[in-house]
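K.L.:
Here's a sequence, model it:
(3 chains)
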Amino acid sequence: MPRFCLALALSLTASLASAGDSITVWWAQWAPSDGLQQLGDDFAKETGIAVKVHQIPWSNFQDQVFLDFGNAKTSFDAVVGDSQWIGRGASKGLYLDLTAWLPGAVDMAALHPKALANLCEYPAGSKKYFAAPLETDACGFAYRRDWFQDPAEQAAFKAKFGRDLAVPATWEEFRDIASFFQRPDKKRFGCAILTGRGYDSLVMGYQNFLWSFGGGWGDPATFATDGHVNSPSAVAGLEFMKSLLAYAPAGAANFDYVQCLESFTNGSTAMMMDYFAFFPGVARSMGDKAGFFAMPGHAGRRACSLGGQGFSISAKTSPAKQDAAKRFIAWFLQEKQQQAWIRKEGGFTANAAILKSPAFRSATPYNAALADSIDMVQDFWNVPVYNELLAAAQRHLGEALDGTKPAKAALDALAEEHAGIFAEAGLAK
Amino acid sequence: MRGLAVLRWSLLGVYAALAAAPLLLLLLTSFKSPADATSLDLKVLPLAGSASPHAFAPTLDGYAGLAGGGEGTAQPFWSYFLSSAIIGVCSTIAAVALGTCCAYGFSRFRIAGAKDWLFFILSTRFMPPLAVVAPVLVMYRQMELQNTHLGLILLYTVFNLSLAVWLMKGFIDEIPKAYEEAALVDGYSRIQAFVRIIVPQARTGMAVTAVFCLIAAWNEYGFALTLNNQRGVTVPVYFAGLQGNISGVPWPQVAAGVLVSVLPIMVFTLLIRRHLLRGVTFGTIKQ
Amino acid sequence: MAGMPGTGGTRMLAWSFVGPALLLLIAFNLFPLAWNIVLSFTNADLSGGTWEWVGGRNYATIFSDKSFAAKYGAALRTTALFTVLAVAIELALGFALALALRRDFRGKTPLLAVLLLPMMLSPAVMGLFWNLILEGTYGPLNQILGLAGLSQPAWRTEFKLLCLLLVDVWMWTPFMMLIALAGLNAIPAQLYEAAEIDRTPAWRVFARITLPLCAPLLGLAVLLRATDALKQFDLVMAITGPNDQATQTVSALLYQTTFANQKVGLGAAYAIVVLVGVIAVATLFTRYLDWMAARQGREG
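P.N.:
Next up is the predicted model:
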């Protein structure tokens, strides 16, 4: 008992001593959080400010964060929030405004402009910052390098399509390859693309077609949606996406991140769309069999869905904690730490120089494709009502994929619902 | 009669086979490697070294994974299990105790508006918990019950209370009043009569009620996930956390965790199986 | 129990028995209800901040023609369809199984243990696991169908509600079976003995003795299952997510509104509207129970 009391007293004094110089960071429960915690431990050694990365299941991460923001004081000092949260965080006074601080504390020139624009800035083009880039992820493809390099496959492909079997640069080439590898009787399939209805994966998958076919979600200035969401290009993109399902495993019209991953790692699928965050695991389990490429394009346009999260500071924590969090962010974004970050599993940097460096591009089988992808990322809406926009898009796009509505009709209905959401939120002009 | 027997055995056989298949798969999966769990071939033979496409090499890695140390698992499975045990057992005891007292009150006393009260108690069971989640959260914020065991214990007690009252009322209604009246004549107080006569008589009912309460509390997911993310986090939330795994869902570990976490309920149920089969009549069948 | 004198002392005693439970239920139901009514007239947001009164706007949103048909109406239809189908199938299967299990035979206890196991598992986790089972190409169900030379449907895209039903039936048929079995066990043996002496045909024994005596208990079992099925949420979240039109139950819609869309005010209004429905259904059921009790009273 005395020993127990002593331990208790010790831990109490320890927690008192560290009360002023420790910060709590909330992020989702996955490998990159483990990497961030390790960097946080390094930071603690250098500065004496302890960093605790608290991990919350993805399925509930957003609910938890915004629920906690409802308290007078948040349980976290910094949060690694999804790119689309920034509008809500910024306009509801939840995220600390970093506009004045960030340019002085961080080498802005080193940050990839797409990461800065998509993960940190709100509203778009305003040069107002509410986050620093932490995890800069994008959608890309993993493919079966061994199948692509098989001489017999190569010959058969050339005989059929009159060109070499190679990583596709356009969606049309992609469809040819997918159709070529679609052999259901041998349990081989052409492709797996993101179509899941659970949260956002269908929208994240669809955007890769929407933008390269020349469509868009709307006018960011007026929030007009009619003629954008349902433009002929958008319809063509959606119809093209749907056409790929003929070259996919059964049930591929409802593939979330995990089902895409599983259909690839079980060796049945030639090309698999997913976020790069999953590719370290793919590279580990598939080894040389797997290669990676950036999103194909259409008619000279290429784009892919942004992934990843920015590092934001809670407006509802003490100034001392906010300052400690700022120190950690500034430290984290130094090149030395970014070099350490890219060595953590799933740690993706926004440092433009690192992304361009040959050393980085060749460090893993997927880095080159990742770096190319960051150059062309775009994001869904990040306004405060983005969740409603997302839910509506998931539903209507789902109807189109399921065939309950033609693509045009689904997108018309979506444009109308989006317009209604913007009107109700007072954004539409 | 021959026809009936055939029908009877084929119904039992077919249903048992169908219902047991997913359970068997769960058991097999817990001994698989992650790759075998999502294999293109049906893997059902736990035979290392077999050439059959349906064979897999059994491993205990799934169970070992429960000890923690994997990616994104801040805490081992056992700490979640401990929270579940504390919350499950306490809320079950509370629900059964409060439910029994309440049922006794409604069974033996004339209470003003008894019918309306019983209706109110029943109606709380119809309410989707999500309809009360926002106010409960506000309340929990004010009372600092978030991230506590007590918070979930209270909540699960309330969720199970209406079931407990209704189940126990059925049982207590069946206990002849003469027993207590005799005790009262012998000089027992009402409370003593309740404790010494009714409680032992209602043991079957309490055991049955406890199983149902425990199952509900053990498996509740929505509030567990929403209210507690730091302390008092229960087993269902553990599985939610495994979904973020960037190498895919570790199915063997999920299966192993499911099997381990259902064990206590299984054991409890088996212990009281006789009560279960005789007991769950809610007083609807008069002997 | 009639006849207990209603003196002050016993009244105190009576309330001390029922009071604690009632207080808890009131605190966790009536208070939130009152709070929900307040919230439902505001534009309150999940992360707090300032709210404004918006009058009946949330209710107008719910009942506006388009929105009602697409969201609330659809969720009600889905919930009703799911509840009716799930409970009916579980009742029929459960009762049939109970009849089959009525007599003792060797191995009955282990068989019962296996049959009861699904209802003890966590729906949230088993929903996930069933997603794996039902997966189109690498799901064991289709693999088995493939080996048997049968067609392999894309369960998770084309039969979403069916998937939900399948898992619910798998989990909760044992509950119906358990209660039906207890009911069958409780039927006095002498009734059957008498019937045997009279050489009553088996179907008449079933129609005249077994069914009527079990009916009140089965009614209660249906009630308990229906209350859970009406609230179905965990399986929906695990199998299709809260936002899938094919399976968006009322609970899923409440989640989507209050949490995903963070519109606590609108979510509260939905909750109130749901509550009205809940009270209606609960009233119907208690009427039924009263009627049963009255019938029992007449017969017993």
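
K.L.:
Identify the residues contacting the one residue in the stretch 151-300 of chain C that gets nearest to chain B.
P.N.:
The nearest approach of the stretch 151-300 of chain C to chain B comes at residue C:271, 3.5 Å away (CB to the nearest CB). Glycine gets a C-beta too; all of them are placed from N, C-alpha and C. Counting by CB atoms under 8 Å, 6 or more residues apart in numbering or on different chains, residue C:271 touches B:128, B:130, B:131, B:132, B:134, C:36, C:40, C:254.

K.L.:
Can you pull the phi/psi pair for it?
P.N.:
Main-chain torsions, residue C:271, degrees, to the nearest 10: phi -60, psi -40.

K.L.:
So for it, what pLDDT did the model give?
P.N.:
Listed pLDDT for residue C:271 reads 86.

K.L.:
just residue C:230 next, same as before
P.N.:
With respect to pLDDT, residue C:230 scores 87.

K.L.:
What is the burial count for it?
P.N.:
As a burial measure, residue C:230 scores 23 neighbours (other CB atoms under 10 Å in any protein chain shown).

K.L.:
Isn't it up against residue B:129?
P.N.:
No - the pair residue C:230 / residue B:129 is not scored as a contact, 11.6 Å apart, by CB atoms under 8 Å.

K.L.:
contacting residues around residue C:36?
P.N.:
Taking CB under 8 Å, 6+ apart as the criterion, residue C:36 is in contact with B:131, B:132, B:134, B:135, C:268, C:271, C:272, C:275.

K.L.:
Helix, strand, or coil at residue B:99?
P.N.:
With DSSP: H, G, I helix; E, B strand; the rest coil as the basis, residue B:99 sits in helix.

K.L.:
Sketch out the helices for the stretch 51-200 of chain C, chain order is fine.
P.N.:
Assigned by DSSP state H, counting those that start in this stretch, the helices in the stretch 51-200 of chain C fall at C:57-63, C:65-67, C:73-100, C:108-116, C:123-133, C:140-147, C:155-158, C:160-186, C:189-197.

K.L.:
Pick out the shakiest of those helices, pLDDT-wise.
P.N.:
When the helices of the stretch 51-200 of chain C are compared on average pLDDT, helix C:65-67 comes out lowest at a mean of 68.

K.L.:
Write out the residues of the stretch 1-150 of chain A neighbouring chain C.
P.N.:
Applying CB under 8 Å from any CB of the partner chain, we find that the stretch 1-150 of chain A lies next to chain C at A:59, A:62, A:63, A:66, A:67, A:69, A:70, A:71, A:88, A:92, A:93, A:94.

K.L.:
contacts with chain B among these, please.
P.N.:
A:59, A:63, A:67, A:70, A:71.

K.L.:
Just the pLDDT for the closest residue to the last one other than its chain neighbours.
P.N.:
Nearest non-adjacent residue to residue A:71, counting by CB to CB, 6 or more residues apart in numbering or on different chains: residue B:141, 6.1 Å away. For residue B:141, the model assigns a pLDDT of 81.

K.L.:
tell me which element residue B:141 falls in.
P.N.:
Residue B:141 is located in helix B:129-143, with elements delineated by DSSP states H and E.

K.L.:
What of residue A:142?
P.N.:
Going by DSSP H and E, residue A:142 is part of strand A:132-144.

K.L.:
C-terminal to that strand, which secondary structure element comes first?
P.N.:
Next element after strand A:132-144 (DSSP H and E): helix A:145-149.

K.L.:
quick one: that following helix near chain B?
P.N.:
No - against chain B, helix A:145-149 shows no contacts by CB under 8 Å from any CB, the least distance being 14.8 Å.

K.L.:
Number of residues surrounding residue A:200?
P.N.:
Residues contacting residue A:200 under the criterion other CB under 10 Å number 24.

K.L.:
Quick check: which element contains the residue lying closest to it once chain neighbours are set aside?
P.N.:
Of all residues not flanking residue A:200 in the chain, residue A:390 sits nearest, at 5.7 Å (CB to CB, 6+ apart). Element membership for residue A:390 (DSSP H and E) is helix A:386-402.

K.L.:
if you look at stretch A:359-374, does any of it touch chain B?
P.N.:
No - judged by CB under 8 Å from any CB, stretch A:359-374 and chain B are separated, with a smallest distance of 12.2 Å.

K.L.:
quick one: residue B:157 and residue C:21 touch, right?
P.N.:
No - the pair residue B:157 / residue C:21 is not scored as a contact, 9.2 Å apart, by CB under 8 Å.

K.L.:
What backbone torsions are found at residue A:316?
P.N.:
According to degrees, to the nearest 10, residue A:316 has phi -110, psi 50.

K.L.:
circling back: now do the next helix or strand after the helix holding residue A:390: distance to the chain's middle.
P.N.:
Following helix A:386-402 in sequence order, the next helix or strand is helix A:407-424 (DSSP H and E). Helix A:407-424 sits 24 Å away from the centroid of its parent chain (CA atoms, centre = their mean, to the nearest Å).
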